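**Student:** Have a look at this prediction, sequence included:
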Amino acid sequence: MVVPQSMAYAITADLPAVYGLYAAYIGAWTYVLLGTSKDVTVGPTSIMSSLVASTAEGDIDYSICLSLVAGTYMLILGLLEFGWVMWLISYPTLAGFTSAAAIKIAAGQLGDLVGIPDWDSDFIDVCIDIFTKYDEVRWTDTVLGVTCLLVLFFLWVLQKMSEMRIHYELQEYGKTARYYLWKCLWYMGLMRNIIVVCGAALLDYCLYVDDETPFYVVGYIEPGLQSFDISFLETFETEWASLLVHGLVIALIGLLESLAIAKSFSKKNKYEINNGQEMVALGMCNIIGSFFQCYPVTGSFSRSSVNSESGVKTQFGGFWTGFIVVLCLLFLTVVFSYIPMAALAAVIIFAVVFMINFCIPVQMWKVRRLGTVSWVVTFTCVLLLGIEYGIMIGVVFDLALVIARNLRPDTHVHDMGGGVILMEVDGGWNYLSVNFVKEKVEEALYWERKRFFFSHSTTVNAIILDANKFNELDMTALESMRGIQEDCKSEHILLFTAGLSDELCDDAQGFGIVIPNFKTAQEAVAAAQREVGLAIAIQERIQQAGTRQEENGGYGTFEQESVSSQTVTLRTAVSRPNSVARGDDKNSSSGTSPSEQE
């Protein structure tokens with residue numbers, strides 16, 4: 001599998017086919033020494049090849065420089081344990097990128113499939129070429145390409161059927177003759193790429209007459225291994241700015257692809273991997289490879305699947321993969337010269353077609369529609385603007401969505417009756433969301449002026465901030481909370497918090513903020529309603545006393561000034577500053593209000 005795939009992916013990268021073989025064995029051997037996954041096989045992949053094609057545009061030295069720069073990024077990220085950087089790429093963005101890249105790769109191979117040599121790889125140009133170059137189609141290459149696709153599909157179906165029959169035979173009858181027959185058919189389906197490529201090469205050899213062939217072929221490949229070379233560094237001196245940008249994109253995508261594969265197979269086969277060491281290993285694969293004329297490589301899912309199914313026990317299995325490639329470079333390059341381009345194009349198209357998945361955005365639309373928007377943005381930008389720009393725009397768009405969600409978190413205001421308002425804020429309270437939350441609190445404070453009518457309350461006596469979802473309070477949030485406390489005090493309205501952690505309570509008290517805090521919102525609501533009820537009772541007593549005072553000619557216990565319920569409530573709450581408690585204090589844990597403590 002590694003030989004035809006590596007040659008095909010090198011062609012995808014707009015490089016001579018032999019460079020795929022160079023990268024295949026250098027990457028595999030380096031990973032044997034430094035990697036931690038027994039299943040991962042490092043080498044050329046469709047995504048990395050497409051990235052190289054879109055950035056290097058066929059420049060061999062630039063492609064090799066990309067390997068050095070990307071490998072350096074990978075190595076630094078691994079040594080500094082900065083693996084979290086690659087998780088900036090969200091699942092919707094990655095899914096949209098993968099589907100668009102697969103379409104872009106397949107579209108770029110249509111020219112080789114039908115025998116048009118000067119076919120563009122850009123998606124927009126491909127769409128134009130379909131309508132302008134249809135008269136250049138060669139029927140021999142087209143028939144061969146379509147036949148290769150059909151054979152690949154047939155062998156793939158055979159592999160899947162054999163896999164099911166193998167498990168059935170093993171469970172029902174054990175290792176019988178039929179079990180081994182299905183096992184042989186499974187291996188035949190697994191080797192579909194080499195079967196198709198060798199069959200097409202044999203056909204071309206048989207039809208090769210008078211130095212003419214009916215197909216476009218790979219052509220002459222010089223036998224032997226590549227030598228140590230640093231001449232590509234001259235390109236780095238002149239193109240370092242673009243190399244640093246493109247190399248970072250390739251590094252992040254390569255790390256994401258390889259680590260996802262390593263984690264998948266480690267979970268399946270129940271062993272542990274070291275993420276940092278994996279990043280270091282992949283970085284060294286690219287750095288060492290760059291000095292031996294290799295373009296960027298990463299873990300290959302299809303070849304790693306073969307390793308896993310074949311039952312390899314250690315990373316040394318990669319040595320034999322590289323050894324086979326070396327033998328081919330030394331002794332079989334003459335055979336490679338007969339391989340038709342249509343056969344390699346069929347191998348590439350069949351490999352990437354399963355990466356296209358339009359069910360993902362449909363599923364995301366049912367669950368979270370913003371995920372579908374991220375998918376569409378990334379998918380469209382990758383197709384229209386190119387792979388490297390598409391993925392960067394997708395990441396920036398995702399970060400913008402995260403910031404937007406923090407700027408305007410979901411806030412719910414509930415009327416609990418008796419003038420008690422409960423405000424729930426989803427997410428943390430930081431400098432991004434502080435102004436929005438404060439506006440919502442002010443709306444509750446001044447709802448009567450703004451005519452925000454609640455269902456039961458005719459006046460606001462207490463506000464409760466449900467802080468169960470608060471995971472942080474930065475300096476901006478603390479300053480805003482102090483402002484809210486002062487506003488409530490000036491309006492004679494009680495202010496409570498619920499669910500604020502001990503650590504955040506310490507931060508608030510250290511900032512001079514004194515607000516009663518309860519473990520749960522239910523406790524805070526009960527305490528607020530008791531305070532409001534007590535204040536109303538006191539107000540009624542004041543009114544009754546005032547009435548008796550008027551009847552007695554001005555003599556009485558209370559002053560003639562009327563005191564509002566909100567003023568009395570505020571005085572009741574702040575009469576004892578020590579009533580401010582954490583969630584584990586007596587007042588909060590029992591839900592006892594300050595006035596009841598008096």
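**Tutor:** Structure received.
**Student:** Quick one: the strands in the stretch 451-598 of the chain, in order.
**Tutor:** Secondary structure of the stretch 451-598 of the chain (DSSP state E, counting those that start in this stretch): strands at 462-466, 494-498, 517-518.
**Student:** how about TSV for those strands, with mean neighbour count and mean pLDDT added?
**Tutor:** Every C-beta, even on glycine, is put in place using the N, C-alpha and C of the backbone. What follows is the strands of the stretch 451-598 of the chain, written out as TSV (neighbours: other Cβ atoms under 10 Å; pLDDT from 0 to 100):
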stretch	mean neighbour count	mean pLDDT
strand 462-466	25	85
strand 494-498	26	87
strand 517-518	28	86
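**Student:** Make JSON lines out of the ones you listed and add distance to residue 290.
**Tutor:** Below are the strands of the stretch 451-598 of the chain laid out as JSON lines (distance: least, Cβ to Cβ, whole Å):
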{"stretch": "strand 462-466", "distance to residue 290": "56"}
{"stretch": "strand 494-498", "distance to residue 290": "57"}
{"stretch": "strand 517-518", "distance to residue 290": "59"}
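**Student:** how about these, which one is nearest residue 426?
**Tutor:** strand 462-466 (9.8 Å; Cβ to Cβ).
**Student:** Name the nearest residue to the residue nearest to the spatial centre of the chain, sequence neighbours excluded.
**Tutor:** Among the residues of the chain, the one closest to the centroid is residue 90, at 2.3 Å (Cα atoms, centre = their mean). Closest residue to residue 90 apart from its sequence neighbours, by Cβ to Cβ, 6 or more residues apart in numbering: residue 398 at 4.8 Å.
**Student:** just residue 435 next, same as before
**Tutor:** residue 480 is the one closest to residue 435 (Cβ to Cβ, 6+ apart), at 7.6 Å.
**Student:** same thing with residue 468?
**Tutor:** In space, not counting the residues next to it along the chain, residue 468 is nearest to residue 499; the distance is 3.4 Å by Cβ to Cβ, 6+ apart.
**Student:** okay, now the one you found: neighbour count?
**Tutor:** By other Cβ atoms under 10 Å, the residues close to residue 499 number 19.
**Student:** quick revisit: what separates the residue nearest to the centre of the chain from residue 262, distance-wise?
**Tutor:** As judged by Cβ to Cβ, to the nearest Å, residue 90 and residue 262 stand 20 Å apart.
**Student:** Also residue 37?
**Tutor:** Going from residue 37 to residue 262 by Cβ to Cβ gives 4 Å.
**Student:** which residues are common contacts for the two?
**Tutor:** Both residue 37 and residue 262 are in contact with 273, 278, where contact means Cβ atoms under 8 Å, 6 or more residues apart in numbering.
**Student:** gap between residue 50 and residue 122?
**Tutor:** Using Cβ to Cβ, we find residue 50 at a distance of 11 Å from residue 122.
**Student:** So these two - more neighbours on which side?
**Tutor:** Between residue 50 and residue 122, counting by other Cβ under 10 Å, residue 50 is the more crowded of the two (27 against 18).
**Student:** contacting residues around that one?
**Tutor:** 12-13, 101, 104-105, 108, 387.
**Student:** try 6 Å this time
**Tutor:** By Cβ atoms under 6 Å, 6 or more residues apart in numbering, the residues touching residue 50 are 101, 105, 387.
**Student:** Now, those residues that are in helices?
**Tutor:** 101, 105, 387 (DSSP state H).
**Student:** From these, list the buried ones, please.
**Tutor:** Among the ones in helices among the contacts of residue 50, those buried by neighbour count (16 or more other Cβ atoms under 10 Å) are 101, 105, 387.
**Student:** Grab the nearest non-local neighbour of the last one.
**Tutor:** To tie it back to what came earlier, the one meant is residue 387. With Cβ to Cβ, 6+ apart as the criterion, residue 387 has its nearest non-adjacent residue at 4.9 Å, and that residue is residue 54.
**Student:** sec struct for the one you found, please.
**Tutor:** Look at residue 54: counting by DSSP: H, G, I helix; E, B strand; the rest coil, its state is helix.
**Student:** follow-up on the earlier one: so the residue nearest to residue 468 versus residue 514, what's the distance?
**Tutor:** For residue 499, the distance to residue 514 equals 18 Å [Cβ to Cβ].
**Student:** Near residue 405, how many other residues are there?
**Tutor:** Residue 405 has 15 neighbours, counted by other Cβ under 10 Å.
**Student:** in which helix or strand would I find it?
**Tutor:** Under the criterion of DSSP states H and E, residue 405 resides in helix 387-407.
**Student:** Mind listing residues that contact that helix?
**Tutor:** 50-51, 54-55, 88-90, 93, 97, 101, 246, 249, 370, 374, 377-378, 381-382, 432-433.
**Student:** so of the residues you listed, which ones are in helices?
**Tutor:** Applying DSSP H to the contacts of helix 387-407, the entries found in helices are 50-51, 54-55, 93, 97, 101, 246, 249, 370, 374, 377-378, 381-382.
**Student:** Let me see the mean pLDDT of the helix holding residue 405.
**Tutor:** The pLDDT scores in helix 387-407 average 83.
**Student:** Can you list phi and psi of the residue nearest to the centre of the chain for me?
**Tutor:** phi -80, psi 170 (degrees, to the nearest 10).
**Student:** Could you check how far the closest residue in space to residue 116 that isn't next to it in sequence is from residue 256?
**Tutor:** Excluding the flanking residues, the one nearest residue 116 by Cβ to Cβ, 6+ apart is residue 136, at 4.9 Å. The gap separating residue 136 from residue 256 is 38 Å, by Cβ to Cβ.
**Student:** out of the two, which sits in the more crowded spot?
**Tutor:** The neighbour count for residue 136 versus residue 256, taken as other Cβ under 10 Å, is higher for residue 256 (19 against 14).
**Student:** So the more buried one lies in a helix, does it not?
**Tutor:** Yes. Looking at residue 256 with three-state DSSP, it is inside a helix.
**Student:** Now do it against residue 33, distance only.
**Tutor:** Applying Cβ to Cβ, the value for residue 256 to residue 33 is 23 Å.
**Student:** same deal with residue 466?
**Tutor:** For residue 466 relative to residue 33 (Cβ to Cβ), the value is 55 Å.
**Student:** just to revisit the earlier point, which of the ones in helices among the contacts of residue 50 sits closest to residue 18?
**Tutor:** The closest of the ones in helices among the contacts of residue 50, once distances to residue 18 are taken by Cβ to Cβ, is residue 105, at 20.2 Å.
**Student:** in terms of contact, does that closest one touch residue 352 like I think?
**Tutor:** Yes. If you go by Cβ atoms under 6 Å, residue 105 and residue 352 touch, sitting 4.9 Å apart.
**Student:** what touches both of those two?
**Tutor:** Common neighbours of residue 105 and residue 352, counting by Cβ under 6 Å, 6+ apart, are residue 46.
**Student:** Could you report the distance from residue 410 to residue 108?
**Tutor:** 44 Å.
**Student:** neighbours around residue 180, how many?
**Tutor:** 12.
**Student:** Tell me where the stretch 251-400 of the chain has helices.
**Tutor:** Taking DSSP state H, counting those that start in this stretch as the criterion, the stretch 251-400 of the chain carries its helices at 275-290, 301-310, 317-331, 333-336, 341-352, 359-367, 369-385, 387-407.
**Student:** Dump the ones you listed to TSV, plus distance to residue 439.
**Tutor:** Putting those into TSV (distance: least, Cβ to Cβ, whole Å) gives the following:
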stretch	distance to residue 439
helix 275-290	42
helix 301-310	49
helix 317-331	59
helix 333-336	69
helix 341-352	49
helix 359-367	30
helix 369-385	23
helix 387-407	12
